[in-house]
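Colleague: give me the fold of what follows.
(2 chains)
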There are 2 protein chains.
Amino acid sequence: MFKLFRNSQNLRLLLTRIDCKTTRLLLAKEFSTPTNEPNEPKIVSESIPGPKSKKLFGELNQIQNAGSVQLFIDYDKSIGNYLVDVDGNTFLDIYSQISSIPLGYNHPALIDAVKNPKNLSTIINRPALGVLPNHNFIDQLRSALLSVAPKGMKEVQTMACGSCSVENALKAACFHYRAQQRGREPTEEDMRTCMTNDQPGSPKISIMSFNGSFHGRTFGALSCTHSKPIHKVDVPAFDWPIADFPRYKYPLALNADENFKEDQRCLNKIEELIEHQSKINCPVAGMILEPIQGEGGDNHGSKYFFQQLRKISSKHGIALVIDEVQTGCGPTGKFWAHEHFDLESPPDIVTFSKKMLIGGFFYLPKFRPDKAYRIFNTWLGDPSKLLLLEQVVKTIKQENLLESIKETGAYLLQHLDRLQTQYSPAVMNARGLGTFCAIDFETPELRDKVIKQLHLNGVHCGGSGSKTLRFRTTLTFNKKHVDIFVERFERTLKQLRH
Amino acid sequence: MFKLFRNSQNLRLLLTRIDCKTTRLLLAKEFSTPTNEPNEPKIVSESIPGPKSKKLFGELNQIQNAGSVQLFIDYDKSIGNYLVDVDGNTFLDIYSQISSIPLGYNHPALIDAVKNPKNLSTIINRPALGVLPNHNFIDQLRSALLSVAPKGMKEVQTMACGSCSVENALKAACFHYRAQQRGREPTEEDMRTCMTNDQPGSPKISIMSFNGSFHGRTFGALSCTHSKPIHKVDVPAFDWPIADFPRYKYPLALNADENFKEDQRCLNKIEELIEHQSKINCPVAGMILEPIQGEGGDNHGSKYFFQQLRKISSKHGIALVIDEVQTGCGPTGKFWAHEHFDLESPPDIVTFSKKMLIGGFFYLPKFRPDKAYRIFNTWLGDPSKLLLLEQVVKTIKQENLLESIKETGAYLLQHLDRLQTQYSPAVMNARGLGTFCAIDFETPELRDKVIKQLHLNGVHCGGSGSKTLRFRTTLTFNKKHVDIFVERFERTLKQLRH
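Modeller: Below is the predicted model of the structure:
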């Protein structure tokens, strides 16, 4: 049972069971798609990128290293799930700006918010939120954030981006751990020694992270990131412990015993690492991980794995930080991906950004900093992003987008399962929750070729890990879009087979 | 000569000399202030904060630690240099959201930009700038950033906030240093070992920072921050070297010899630290400092000090990172504060944020990352902020706001000089460049009382260091505002004397 959601076959069984409910919801209100979306992708340039993108690339490359740029985009013309580039190519977008566009391009709810004259001053006057918040800041926090808070969480701190969310969440974990260690406020010695980065004020404590994880690229977050060397090489890192995140064999249903052993192996190693860190006097103050490793190759951990992790972290008084920067805001079919795990008690801290349009983290009351200015910076986020997020949350609720994403995701996985049988051994390991799906390729080279060819076939997409295609759709992505994708994907596989 | 600008008396002499030019500029175009500003502050509640702010404070404190919040603000009603709170109090604002409001509240140029329908999609569709930039991104970089680039700098990287700007600037310094050390690309061993935070891939190299400095609160930036213990305590830090930033005696003109010795002492120690770090095999890859220590007490370094620092860093192949997050965008009377120092060659990296509305850093070509994705994150800033910054830069140029700030700052310092004579020994050490000014108080307690009383007298302001009042005005702050401030400040000093 505990692996129910990660197994695409079981997931479909479950969805068949809830289909009646879904149908009722569908009858009540059609899931939303921007009505003026194109009917399908259209590629007009002979190569991707086309000549105009190439020209702009050359210009940008005189100002900064533009090596990661794929296309220049006409965001005025992009609409819903369709991205239009400067060469007039129209792509179906299954990557949505590295998973950061919640409702699609130029969504009417967001247009209305920006056009509304009463919101003008919020867009223009960005306050120092920790000192002089806007009069409606509390209302914004309630409607945009607390109304979708993970179960059991009632406090939230806003931040400007994902990296800062992670960095400050880890700081909150350290504050709490040191307070527990001391049983009292920082001492005079703590206050004095921290000023010169010395112990005990700058304590020798550690954050546990996981192989394959991605949490950001600032020094603290980067010390917890282990997905690709290019992110990390040449940057000094904290000597913090790194645990194994489970790696399963697919299909899950046929490898249940082996995968269970893998969970157990990882959990045992985690306990060993915690003990080891205590012995070397650099105890673990917190552990951070993603519900699904979204950059490192769409690696899933089982319900059992996460449930045990919650027990282990509670037992040792170690903060469990769930990083939902990529998984949060609905793409897995629940607002927060960790809600699939039915943890016996909530995580201690949950970070967010990307689709949430603003960064930040929810936390349990014991992780509230005991003093002002411990978690602080000039902006602490941006009320103009909360303004947009309010509209996103309202739309998700009004249009039952979580239900829609569950249904769309199940439909997508059905197709991916069929294709991996049909095109074996080129593609394999179809997996996912909601539309937060992935499929692996036989080799990294094949994966890269597929992505390139998909672009030429009108689908904008991206990879994760070394040989995975990741699906990071908006929440308005629906079965119609799946059909278009599948047709183009199959075309691509056929083209590359020959 | 080299201390010309830091000495308020010399500064005024200089300004007298340029007065003719200033007058000509004034005749050509009156410096801008929003025309519908109130004539003066108005306090209507019996206490500050008033009852409505207090009530909201209680509500916010249920959602997060609201201990740093001073007032809740009505940003619709705030205008120009006047901040209006929810209790209807109108303050003259000399703090401008911790120095982050460039032109004042609800400036017409920004209103126009947001109301312009052609900008709508930029505000709604935040791209992953490193992958899919907007078609006009290059134009935005040129008009909003390159047109005001520090002398000698032609490349720029955008970021979302000040901390991320510093973190990534330090990474760029590390990349360059390691490339120099190796004389080639990262080795296979580098790429492998960095994945587990081990040497040599995660190298033992260091960043030098300075006593009293502030660079942000994420783990890397916080290891370089040494202004107040509350920012740092209980957070693990890198064991990086900390140098002394000069501490001068005022008035500068009467203490020239002693202050020169202080410069020399600090410079010698910096060289010693660099040698020491080499000996212990943790060489200095970069040094980071503010042109004026803006959080740590408005500590100024002389032209000579910075010129020598440029020589030392060049000699040792150490990146000189000038952190202009608080000083950049004009408040010192030059667009970048380090331009006052007439360095023999530009800094290697210059960070910005706050008044620039977007974060980022300028850098010399040799600090361009050699590969894509080394400096990267999902958002890499926000074109909707570049949109606003374009208007800010245009307004600064059209309305000669740098000249205005020079003139206003000199006028302010004149008054502060008078007051420190008149109210000696309660206030002292008036200093500053442009309106980026400060004055010290006899004791921290007196400083805190003055700030509180100034609030009651209708001036919103804040401190730096332990006993300093810092001036962080907008760029539209002018002599009329100075007069109002001075009258309220003098009233405050008289009230507290009795």
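Colleague: tally of neighbours for the nearest residue to A:Phe238 once chain neighbours are set aside?
Modeller: Computed as Cβ to Cβ, 6 or more residues apart in numbering or on different chains, the closest residue to A:Phe238 that is not its neighbour in sequence is A:Ser223, at 4.2 Å. Every residue, glycine included, has its C-beta placed from N, CA and C. Number of residues near A:Ser223 (other Cβ atoms under 10 Å in any protein chain shown) recorded here: 27.
Colleague: run through the residues that contact A:Ser223.
Modeller: A:Ile207, A:Ser209, A:Ala237, A:Phe238, A:Trp240, B:Asn197, B:Phe219 (Cβ atoms under 8 Å, 6 or more residues apart in numbering or on different chains).
Colleague: at 6 Å instead, please
Modeller: Listed by Cβ atoms under 6 Å, 6 or more residues apart in numbering or on different chains, the contact set of A:Ser223 reads A:Ala237, A:Phe238, A:Trp240, B:Asn197.
Colleague: which of those lies closest to B:Arg247?
Modeller: A:Phe238 (31.8 Å; Cβ to Cβ).
Colleague: any idea how many residues pack against that closest one?
Modeller: 19.
Colleague: enumerate the residues of the stretch 351-498 of chain A near chain B.
Modeller: A:Arg368, A:Pro369, A:Ala372, A:Tyr373, A:Asn377, A:Thr378 (Cβ under 6 Å from any Cβ of the partner chain).
Colleague: can I get these in JSON lines including pLDDT?
Modeller: As requested, those are arranged in JSON lines below (pLDDT from 0 to 100):
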{"residue": "A:Arg368", "pLDDT": "97"}
{"residue": "A:Pro369", "pLDDT": "96"}
{"residue": "A:Ala372", "pLDDT": "96"}
{"residue": "A:Tyr373", "pLDDT": "97"}
{"residue": "A:Asn377", "pLDDT": "97"}
{"residue": "A:Thr378", "pLDDT": "97"}
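Colleague: near chain B, which residues of the stretch 201-350 of chain A?
Modeller: A:201-202, A:217-220, A:223, A:226, A:229-230, A:232-235, A:237, A:239, A:242.
Colleague: mind checking which of those residues are buried?
Modeller: Buried members of those, scored by 16 or more other Cβ atoms under 10 Å in any protein chain shown, are A:201-202, A:217-220, A:223, A:226, A:229, A:232-235, A:237, A:242.
Colleague: these in strands, which ones?
Modeller: Using DSSP state E, the members of those that fall in strands are A:Ile242.
Colleague: wait, which of the buried ones among the residues of the stretch 201-350 of chain A next to chain B is closest to A:Pro127?
Modeller: Relative to A:Pro127, and with distances defined as Cβ to Cβ, the nearest of these is A:Thr218, at 23.5 Å.
Colleague: contact partners of stretch A:44-52?
Modeller: So stretch A:44-52 is contacted by A:Leu71, A:Val86, A:Asp87, A:Gly88, A:Asn89, A:His455, A:Leu456 (Cβ under 6 Å, 6+ apart).
Colleague: can you pull the contacts of A:Ala160?
Modeller: A:Gly359, A:Trp379, A:Gly381, B:Ala160, B:Cys161.
Colleague: closest to A:Ser404 among those residues?
Modeller: Nearest member of the contacts of A:Ala160 to A:Ser404, counting by Cβ to Cβ, is A:Gly359, at 25.7 Å.
Colleague: element containing A:Arg184, please.
Modeller: Using DSSP states H and E, A:Arg184 sits in no helix or strand.
Colleague: quick one, what contacts it?
Modeller: Contacts of A:Arg184 (Cβ under 6 Å, 6+ apart): none.
Colleague: next up, phi/psi of it, please.
Modeller: With angles defined as degrees, to the nearest 10, A:Arg184 sits at phi -160, psi -180.
Colleague: from A:Asp190, how far off is it?
Modeller: Separation of A:Arg184 from A:Asp190 (Cβ to Cβ, to the nearest Å) stands at 10 Å.
Colleague: show me the strands in the stretch 51-200 of chain A, by range?
Modeller: Counting by DSSP state E, counting those that start in this stretch, the stretch 51-200 of chain A has strands at residues A:82-84, A:90-93, A:155-159.
Colleague: of all the ones you listed, which one comes closest to chain B?
Modeller: strand A:155-159 (5.5 Å; Cβ to the nearest Cβ).
Colleague: pairing partners for the closest one, with directions?
Modeller: Using DSSP bridges, the strands paired with strand A:155-159 in its sheet are strand A:359-363 (antiparallel).
Colleague: what is the neighbour count of the residue in the stretch 301-450 of chain A that chain B sits nearest to?
Modeller: Using Cβ to the nearest Cβ, A:Ala372 is the residue of the stretch 301-450 of chain A that sits closest to chain B, at 2.9 Å. Counted with other Cβ under 10 Å, the neighbours of A:Ala372 add up to 15.
Colleague: any idea how far the spatially closest residue to it that is not a sequence neighbour lies from A:Asn136?
Modeller: In space, and not counting its chain neighbours, A:Ala372 is closest to B:Gly67: 2.9 Å by Cβ to Cβ, 6+ apart. B:Gly67 is 21 Å from A:Asn136, where distance means Cβ to Cβ.
Colleague: now swap in A:His276 and tell me
Modeller: Distance of A:His276 to A:Asn136, given as Cβ to Cβ: 49 Å.
Colleague: A:Val44 falls within a helix, correct?
Modeller: No: secondary structure of A:Val44 (DSSP: H, G, I helix; E, B strand; the rest coil): coil, not part of a helix.
Colleague: burial check on it, number of neighbours?
Modeller: 10.
Colleague: do the same with A:Ala426
Modeller: With other Cβ under 10 Å as criterion, A:Ala426 counts 18.
Colleague: check A:Leu27 and give its pLDDT.
Modeller: If you check A:Leu27, the pLDDT there is 36.
Colleague: for A:Ala438, same thing?
Modeller: Reported pLDDT for A:Ala438: 98.
Colleague: again, but for A:Cys266
Modeller: 98.
Colleague: dump the residue contacts of it.
Modeller: Counting by Cβ under 6 Å, 6+ apart, A:Cys266 touches A:Asp244, A:Pro246.
Colleague: measure it to A:Ser464 for me?
Modeller: With Cβ to Cβ as the criterion, A:Cys266 and A:Ser464 are 20 Å apart.
Colleague: repeat for A:Leu309
Modeller: 22 Å.
Colleague: same check, this time on A:Val486
Modeller: 20 Å.
Colleague: one more: A:Ser302?
Modeller: 19 Å.
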